[in-house]
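Participant: with the sequence up front, the predicted model follows.
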Amino acid sequence: MPVSATTETKLREAMARLLAGQPTNSDGTLTKENLAREAGVSHATVHRAEAVLADWDAQVTAPVLRTPGEVKRDETIAELKKRLREETARAGALQAKLDALATVTANLYHENLSLKGQLTKQRTAKVAPLPTSGPWRE
């Protein structure tokens, strides 16, 4: 299904602006998505405009190069992802150590309670009761 004459005109004007480096509705990168943005139409509409696409493909033969800002952004994102992976691994290792320490602490606590119980039993077993009668109680 071809596009209307009005839509084709919008697309050709948008293409002219993009190729001239004077975009009004996009970042100016020579992509079909930006062609749609510039023209104010959907991406699907661009792909239905076969004549405009043929002209676009003839004029935009080189691959899309990233701007220095895009390169820097992508490098920053890559660095942040790397740091996130490293910190996530570090946090995982610390969590494992924390879990191990919690287990040891719990075991020591229960062992301490058991030893206190044994000590109390030993003390009460060695203590002899005082006699309630005898020569000193007169």
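Facilitator: All right, it came through fine.

Participant: what helix or strand does residue 104 sit in?
Facilitator: helix 68-126 (DSSP states H and E).

Participant: got it, and residue 41?
Facilitator: Counting by DSSP H and E, no helix or strand carries residue 41.

Participant: for it, what are its contacts?
Facilitator: Neighbour list for residue 41: 7, 10, 11 [criterion: C-beta atoms under 8 Å, 6 or more residues apart in numbering]. Backbone N, C-alpha and C define where each C-beta goes, glycine included.

Participant: try 10 Å this time
Facilitator: When the contact criterion is C-beta atoms under 10 Å, 6 or more residues apart in numbering, the partners of residue 41 are 3, 7, 10, 11, 14, 35, 48, 49.

Participant: so where's the protein shaky on pLDDT?
Facilitator: 1, 63-65, 126-131, 134-138 (pLDDT under 70).

Participant: tell me the two of the contacts of residue 41 that are most distant?
Facilitator: The most widely separated members of these, counting by C-beta to C-beta, are 14 and 48 (14.9 Å).

Participant: more neighbours: which of these two?
Facilitator: Using other C-beta atoms under 10 Å as the criterion, residue 14 and residue 48 rank with residue 14 on top: 25 against 14.

Participant: quick one: the closest residue to the more buried one other than its chain neighbours and residue 10, what's the gap?
Facilitator: Excluding the flanking residues, the one nearest residue 14 by C-beta to C-beta, 6 or more residues apart in numbering is residue 38, at 3.4 Å. To residue 10, residue 38 is 9 Å away according to C-beta to C-beta, to the nearest Å.
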